[in-house]
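In: this one's sequence-less:
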């Protein structure tokens, strides 16, 4: 898991960084409760761009050990749940179970289908601060899905909402207008980490990166009080389906710029 976190950190040019644990704690989202008294939205004292995690830890795969190269506090929330989901699926497969759907707090991985042969149905949650609502459903087979968002873990400081996701390059909580990112990938660890990375990159850089990497991603962006979507890969509308993992009928997805709502998409090999 740590090695994959390092790899994705390099790929995303530090947009994904597990070495932000001190920031997470300072802003009240970590094991320590409460926000540091000297922090505010207008005065982020003590914050600074975080070095790439490759500079901070050394992973020895053969000896199964990790060495810190400098002061750092790890925060694995952007990949650990996905990794745990992959491990749940691996255990089921090791016991000869050929069809399953496993998940941890919304990060899901599917293998095979339901007893009737139909794919697994996964609801996509709308990024609503006040209530839980579904904005769409995706049918999943032999793939994983994860969502990162600003609407579940947040706090209010000086009258402004502060998300739990940190921007490693700025050393501050993320505030770029992206409400949520959903990624479909072969492993849930990858889906989890890439969803976080695309959140940090933002609407335009995130879309461009997803296109360059051949990712299947749905970005939901706040536009005042409204929401609009930016789809890439199997979530794109009007674009050729060009994915190695899944094939999604593009006419089942909302057009970019419209809210993904009351639609059903299918993701299966």
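Out: Structure received. Since the structure is predicted, the reported quantities are computational estimates derived from the model, not experimental observations.

In: which stretches of this protein have low pLDDT?
Out: Residue ranges of the chain with pLDDT under 70: 27-28, 30-50, 153-160, 237-269.

In: which one in it is furthest away from the centre?
Out: Farthest-out residue of the chain from its mean C-alpha position, per C-alpha atoms, centre = their mean: residue 116, at 30.7 Å.

In: For the most centrally placed residue in the chain, give me its contacts.
Out: Central residue of the chain (C-alpha atoms, centre = their mean): residue 195, 2.5 Å from the mean position. With C-beta atoms under 8 Å, 6 or more residues apart in numbering as the criterion, the residues that contact residue 195 are 146, 147, 148, 181, 182, 183, 217. Using the backbone N, CA and C atoms, a C-beta is placed for each residue, glycine as well.

In: can you rerun that using 6 Å?
Out: 146, 147, 148, 181, 183 (C-beta atoms under 6 Å, 6 or more residues apart in numbering).

In: Scan those residues and report the most crowded one.
Out: With neighbours taken as other C-beta atoms under 10 Å, the top of these is residue 146, carrying 31 neighbours.

In: Check the gap between that one and residue 192 for me.
Out: Look at residue 146 and residue 192: by C-beta to C-beta, to the nearest Å, they are 4 Å apart.

In: likewise residue 183?
Out: Applying C-beta to C-beta, the value for residue 183 to residue 192 is 8 Å.

In: which residues do those two both contact?
Out: Listed as contacting both residue 183 and residue 192 by C-beta under 6 Å, 6+ apart are residue 146.

In: picking that back up, can you check which residues contact both of residue 146 and residue 192?
Out: Shared contacts of residue 146 and residue 192, defined by C-beta under 6 Å, 6+ apart, comprise 82, 107.

In: Confirm that the residue farthest from the centre of the chain sits in a helix.
Out: No: using DSSP: H, G, I helix; E, B strand; the rest coil, the secondary structure at residue 116 is coil, not a helix.

In: hey, where'd the helices end up in the chain?
Out: With helices called from DSSP state H, the chain shows them at 2-11, 21-26, 80-94, 188-201, 203-213.

In: highest average neighbour count across these?
Out: Comparing those by mean neighbour count (mean count of other C-beta atoms under 10 Å), helix 188-201 ranks first with a mean of 28.

In: Centre of the chain to it, how far?
Out: From the chain centre to the centre of helix 188-201 is a distance of 4 Å (C-alpha atoms, centre = their mean, to the nearest Å).

In: Tell me what angle it forms with helix 203-213.
Out: Orientation of helix 188-201 against helix 203-213 (axes from the mean of the first three to the mean of the last three C-alpha atoms, to 10 degrees) gives an angle of 140 degrees.
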